[in-house]
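S.K.: sharing a sequence plus its predicted fold:
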Amino acid sequence: MNSHFVLDDTLRYLYTTIRNKKANLVSIEFIHEGKRWKADTPEEAIRLRRQLEIDTMREKQTTSDWEEFLARPWTPEVFNTFLDSVGEQQKAAVLFMAEHVGISSAELTDRLKLDSEMALAGVISGLSKQLKTMDLEPSDLYTVKTSWNGKKKERFFFLLDSFRQAAEEAEWPKKKGGKDAPSTKPTRK
């Protein structure tokens, strides 16, 4: 056994037993800030990655910037004004973002029943304009991470926790069939 690993007797016994049964031990590995991290389950990997991103953000910002980050503008009044001011497609887009930790632009386009990601860009643009009328930025609501899969560009939308918290406090979205449920009507072509 490698000298790096210090295992107590119970773990050593368990490890030996699993190896003797010829079971494959699989872990999930990812790299964050140039360092390799391992997790035993997908859920643990997601939680660890998210916490690492938050910790990195904290380290890169000054204390006053971090306090400003935590004091995002989603008061109950601002949240309700936002819901009243955005269109149905924008509200549905935010709702779908809220249902996922991160949602790809392709999946968001599909869920909104839009013809193309160009049509999604129009929905997101409308959302941005509504936010600006409230003296908010899109970065107050969501972040977008772009990655490349071969030659294909993929965008993922991540709703901010401050908005999620405001939504939870406002009990949004309403129960199924309520006025905040996304429309199932076909969109204009």
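M.R.: Okay, I see it.
S.K.: rounded to a whole number, what's the mean pLDDT of whatever helix or strand residue 108 lives in?
M.R.: Secondary structure from DSSP states H and E places residue 108 in helix 105-111. Averaged across helix 105-111, the pLDDT comes to 94.
S.K.: so how far is that helix from its chain's centroid?
M.R.: Centroid separation for helix 105-111 versus its chain: 14 Å, with C-alpha atoms, centre = their mean, to the nearest Å.
S.K.: send the alpha carbons of that helix over as CSV?
M.R.: What follows is helix 105-111, C-alpha atoms only, in CSV (Å, rounded to 0.1, in the frame of the first residue of the first chain):
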residue,chain,number,x,y,z
SER,A,105,-29.0,26.9,-23.6
ALA,A,106,-30.1,24.0,-25.8
GLU,A,107,-32.2,22.5,-23.0
LEU,A,108,-33.7,26.0,-22.1
THR,A,109,-34.5,26.5,-25.8
ASP,A,110,-36.2,23.1,-25.9
ARG,A,111,-38.1,23.7,-22.6
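S.K.: after it comes which helix or strand?
M.R.: Next along from helix 105-111, by DSSP H and E: helix 117-133.
S.K.: dump the C-alpha coordinates for that following helix into PDB.
M.R.: The C-alpha trace of helix 117-133 is given here as PDB (Å, rounded to 0.1, in the frame of the first residue of the first chain):
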ATOM      1  CA  GLU A 117     -31.000  29.400 -29.600                       C
ATOM      2  CA  MET A 118     -31.200  32.700 -31.600                       C
ATOM      3  CA  ALA A 119     -34.900  32.900 -30.400                       C
ATOM      4  CA  LEU A 120     -33.600  32.200 -26.900                       C
ATOM      5  CA  ALA A 121     -31.200  35.100 -27.200                       C
ATOM      6  CA  GLY A 122     -34.300  37.300 -27.800                       C
ATOM      7  CA  VAL A 123     -35.900  36.000 -24.600                       C
ATOM      8  CA  ILE A 124     -32.800  36.600 -22.600                       C
ATOM      9  CA  SER A 125     -32.400  40.000 -24.200                       C
ATOM     10  CA  GLY A 126     -35.900  40.900 -23.100                       C
ATOM     11  CA  LEU A 127     -35.100  39.700 -19.600                       C
ATOM     12  CA  SER A 128     -32.000  41.800 -19.500                       C
ATOM     13  CA  LYS A 129     -34.000  44.900 -20.600                       C
ATOM     14  CA  GLN A 130     -36.500  44.300 -17.800                       C
ATOM     15  CA  LEU A 131     -33.800  43.900 -15.300                       C
ATOM     16  CA  LYS A 132     -32.100  47.200 -16.400                       C
ATOM     17  CA  THR A 133     -35.400  49.100 -16.000                       C
END
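S.K.: can you point out the buried residues in that helix?
M.R.: Buried positions in helix 117-133, judged by neighbour count with 16 or more other C-beta atoms under 10 Å: 117, 119, 120, 123, 124, 127, 130, 131. Bear in mind the C-beta positions are built from the backbone N, C-alpha and C, glycine included.
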